[in-house]
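Colleague: Provided below for reference: sequence and predicted model.
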Amino acid sequence: MAMQKLTAKFVENIKPIGKRQEFCDPLVKGFGLRVSAMGAKTFFIRFRYRGKIQRQTIGTYPSFSLADAREKALEILAQAEKGTLHQFEEAQLTISEVHENFITLYAKVHNKDWRVSKSRLKKFLDQYGDMKLADLQRRDIIAYLDSLMAAGTPTQANRAHAALSKFLNWCVERCYIEHSPCYGVKKPAKENPRERVLNEDELIKVWSVCSKFGYPFGPLLKILMLTAQRRNEVSGMRWSELDLKNKVWTIPAGRAKNGKSHNVPLSQAVIDILESLPRFLHSDYVFTTTGKTPVSGLGKYKQRIDIMTNVAGWVFHDFRRTAASGMAKLEIPPYVVEKVLNHISGTFSGVLGVYNQYGYDREKREALNAWADYLTGLNKDDEINFSNEESCSARRNFQSFG
């Protein structure tokens with residue numbers, strides 16, 4: 001490393017010589033300029049912190065001028081001498097940088113749907129991601145949520161509010177910031193809980209259309225209706241989770257939304273569907289078109305169902321509410337329905353949820369059998385059929401076991 005007094009003229013005019021060069025500035029101890037073989041110019045600082053030699057990149061020229069880089073180098077050296085460098089470094093982090101840490105250290109560990117959480121803040125990060133986290137103010141949060149409301153997306157505004165609150169509370173917990181700028185900001189829109197339940201005529205129409213869809217979407221949607229489980233749990237079903245002999249599907253804790261392993265008794269209707277399905281060679285996924293990942297793209301089929309049935313105003317999650325309402329109509333006790341849905345609120349919240357560890361497997365089986373009998377009874381003329389054109393592309397990709 002050559003000792004060279006750095007000046008604005010020197011930094012501007014220095015040329016690459018085919019290999020990396022480094023110049024150390026005598027005015028600020030440890031401060032220097034690195035010139036790559038390709039001509040990129042980068043300011044850096046070397047210093048001792050907590051007994052170890054540290055090297056930190058400051059920035060590249062001309063985005064950073066020599067004066068700016070030297071000033072930041074002095075700040076880093078001062079913080080290192082005080083023993084508070086980590087606090088200074090965290091204060092310089094942008095919102096996008098800290099959010100990446102949040103996704104890696106928290107969301108991916110605790111939320112299997114972390115990609116959904118990440119997508120909810122994409123527009124926010126596009127607008128504010130380059131801002132330093134320490135500079136984020138409550139007025140910025142309010143302005144962003146107001147823009148979503150003005151765009152006519154109140155539900156999206158509420159989801160963004162929830163995602164921001166979680167992210168910024170995590171930042172407080174991890175000492176990136178002292179207080180969350182989201183504190184005191186109310187949810188921007190009032191939401192009414194969904195109450196949509198498909199009636200018998202609608203169930204018949206949807207089931208009938210599902211019969212026209214081949215593997216994987218047709219059988220997937222039927223099992224979604226028959227088991228009353230969550231969409232991601234059904235679409236991500238593994239053969240290793242299924243005990244077809246004893247008619248049980250065990251959703252592991254890592255795939256269950258509430259983090260609790262869940263046994264789902266399987267009616268004969270579900271067993272019949274599963275036993276008719278093809279299997280990808282060397283793949284554990286029940287519903288897949290590649291053998292490597294679970295199936296996706298259900299939204300496209302939802303649109304087709306709406307058009308083919310003229311049934312509107314529902315989402316796949318409404319199958320759970322429909323099943324729960326149907327089981328209630330069949331006089332299944334509410335606490336059994338909650339167990340079928342794998343809910344830990346309601347009857348099983350609080351002390352009862354802690355001390356009552358009975359699995360209600362027998363009661364759940366009776367409930368799901370009754371619901372399957374009711375549902376298939378509405379569609380008694382239906383037959384399982386995977387021979388239509390919808391399944392052709394998938395069939396070309398798999399090899400069935402004999």
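Modeller: Ah, there it is.

Colleague: shaky segments in the stretch 251-400 of the chain?
Modeller: 345-357, 381-400 (pLDDT under 70).

Colleague: need the strands for it, in chain order.
Modeller: 262-265 (DSSP state E, counting those that start in this stretch).

Colleague: mind listing the helices for it?
Modeller: Applying DSSP state H, counting those that start in this stretch to the stretch 251-400 of the chain gives helices spanning 268-275, 298-309, 318-329, 334-341, 350-355, 361-378, 392-397.

Colleague: which one of these lies closest to Ala162?
Modeller: Judged by CB to CB, the one of those that comes nearest to Ala162 is helix 318-329, at 20.8 Å. For every residue, glycine as well, the C-beta is placed using N, CA and C.

Colleague: list the buried residues for the longest helix along the chain?
Modeller: Looking across the chain with DSSP state H, the single longest helix is helix 154-173. Buried residues in helix 154-173, counted by 16 or more other CB atoms under 10 Å: 154, 156-161, 163-168, 170-171.

Colleague: let me know the closest of the residues you listed to Asp126.
Modeller: Nearest to Asp126 among the buried residues of helix 154-173 is Ala160, at 12.3 Å by CB to CB.

Colleague: give the contact list for the spatially most central residue of the chain.
Modeller: Note on the chain: the residue nearest the mean C-alpha position is Trp114, at 2.1 Å, using CA atoms, centre = their mean. Taking CB atoms under 8 Å, 6 or more residues apart in numbering as the contact definition, Trp114 lies against Ile103, Ala107, Lys108.

Colleague: give the rounded mean pLDDT of stretch 179-195.
Modeller: The predicted model gives stretch 179-195 an average pLDDT of 85.

Colleague: got the contact list for that stretch?
Modeller: Outside stretch 179-195, the residues that reach it (CB under 8 Å, 6+ apart) are 136-138, 140-142, 145-146, 148-149, 154-155, 157-158, 161-162, 164-165, 168-169, 171-172, 315, 317-318, 321.

Colleague: now swap in stretch 43-53 and tell me
Modeller: With CB under 8 Å, 6+ apart, stretch 43-53 has contacts from 28-34, 54-61, 64, 66, 69, 73, 76-77, 80, 83, 85.

Colleague: outline the domain layout of this protein.
Modeller: 2-81, 95-173, 200-397 (automatic domain parsing).

Colleague: how far off centre is the first one?
Modeller: So that's domain 2-81. Put simply, domain 2-81 sits 40 Å off its chain's centre (CA atoms, centre = their mean, to the nearest Å).

Colleague: endpoint to endpoint, it covers what distance?
Modeller: The first and final residues of domain 2-81 sit 25 Å from each other (CA to CA, to the nearest Å).

Colleague: swap in the second one?
Modeller: Across domain 95-173, the straight-line distance between its terminal residues is 16 Å, by CA to CA.

Colleague: now do it, average pLDDT.
Modeller: The predicted model assigns domain 95-173 a mean pLDDT of 86.

Colleague: narrow the contacts of stretch 43-53 to those that are buried.
Modeller: Looks like the contacts of stretch 43-53 have 28, 30-34, 56, 58, 61, 64, 66, 69, 73, 76-77, 80, 85 buried, using 16+ other CB under 10 Å.

Colleague: quick one: which of these sit in helices?
Modeller: Secondary structure from DSSP H places Leu66, Ala69, Ala73, Ile76, Leu77, Ala80, Leu85 of the buried ones among the contacts of stretch 43-53 in helices.

Colleague: what's the closest of those to Ser211?
Modeller: Distance to Ser211 across those (CB to CB) is lowest for Leu85, with 65.0 Å.

Colleague: so what pLDDT did the closest one get?
Modeller: 57.

Colleague: pipe the helices of the stretch 251-400 of the chain into TSV and attach distance to Glu178 per row.
Modeller: Formatted as TSV, those follow (distance: least, CB to CB, whole Å):
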stretch	distance to Glu178
helix 268-275	53
helix 298-309	41
helix 318-329	41
helix 334-341	40
helix 350-355	34
helix 361-378	48
helix 392-397	54
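
Colleague: go through those and name the closest to Leu203.
Modeller: Judged by CB to CB, the one of the helices of the stretch 251-400 of the chain that comes nearest to Leu203 is helix 361-378, at 5.8 Å.

Colleague: give me the angle between the closest one and helix 318-329.
Modeller: Going by axes from the mean of the first three to the mean of the last three CA atoms, to 10 degrees, helix 361-378 is angled at 100 degrees with respect to helix 318-329.

Colleague: ok now helix 361-378, how far from the chain's centre?
Modeller: For helix 361-378, the separation from the chain centroid amounts to 32 Å (computed by CA atoms, centre = their mean).

Colleague: who are the packing partners of that helix?
Modeller: Packed against helix 361-378, as judged by 3 or more CB pairs under 8 Å, 6 or more residues apart in numbering; DSSP states H and E, are the following elements: helix 200-212, helix 217-227, strand 262-265, helix 268-275, helix 318-329, helix 334-341.

Colleague: please consider this matter closed, and thank you.
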